[in-house]
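Novice: this one's sequence-less:
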């Protein structure tokens with residue numbers, strides 16, 4: 001197993017079933033349940049110095065999902081151009097999430113997830129099996145969809161373990 005495969009496997013292992021598009025909706029609901037219960041002040045909470053606020057973490061979920069969807073779109077359209085990674089720390093540092101309202105971030109998350117679900121649901125099986133290259137690593141369109149779910153679950157677990165107990 002390559003380092004890339006090991007890295008993504010930690011997210012894929014979190015996806016609870018093969019019905020990953022349904023899981024995309026389930027984990028979205030769980031994420032929204034938490035975020036919609038937060039006050040604006042709580043949205044600015046970070047559990048430790050140098051850690052992201054809850055708003056920044058939500059923006060990270062939104063940004064990452066957009067990147068994943070873009071990659072899946074390219075590969076599903078048989079675009080074999082090389083795709084690079086992105087610096088999640090730089091994106092978070094420059095996301096301006098903490099200057100936004102929690103309500104606006106929640107709305108963007110809902111819209112982003114709704115588009116992802118529709119996009120992946122409407123792809124035929126043959127498109128889901130297409131492979132593209134990210135940072136020199138092969139990845140299936142379907143795997144990118146599953147990563148969307150696993151990545152969200154990963155951060156949902158962090159919210160439950162490190163943020164909520166300290167609010």
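Specialist: Happy to help now that I have it. Predicted model only: the values in this text are computed from it and were never measured. Numbers count the residues shown, from 1 in each chain.
Novice: Quick one: list the elements packing against the strand or helix carrying residue 68.
Specialist: According to DSSP states H and E, residue 68 maps onto helix 54-76. Packing contacts for helix 54-76, counted by 3 or more CB pairs under 8 Å, 6 or more residues apart in numbering; DSSP states H and E, involve helix 20-35, helix 40-43, helix 88-93, helix 102-121, strand 131-134, strand 137-140, helix 141-158. For the C-beta atoms, the positions are set from N, CA and C on the backbone; glycine is no exception.
Novice: Now distance to residue 166 too, for those, in JSON lines please.
Specialist: Output for the helices and strands packed on helix 54-76, formatted as JSON lines (distance: least, CB to CB, whole Å):
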{"stretch": "helix 20-35", "distance to residue 166": "14"}
{"stretch": "helix 40-43", "distance to residue 166": "10"}
{"stretch": "helix 88-93", "distance to residue 166": "19"}
{"stretch": "helix 102-121", "distance to residue 166": "18"}
{"stretch": "strand 131-134", "distance to residue 166": "35"}
{"stretch": "strand 137-140", "distance to residue 166": "35"}
{"stretch": "helix 141-158", "distance to residue 166": "12"}
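Novice: nearest to residue 1, of the ones you listed?
Specialist: Nearest to residue 1 among the helices and strands packed on helix 54-76 is strand 137-140; the distance by CB to CB comes to 11.7 Å.
Novice: just the helices and strands packed on helix 54-76: most buried one?
Specialist: Ranked by mean neighbour count under mean count of other CB atoms under 10 Å, the helices and strands packed on helix 54-76 are led by helix 141-158, which reaches a mean of 21.
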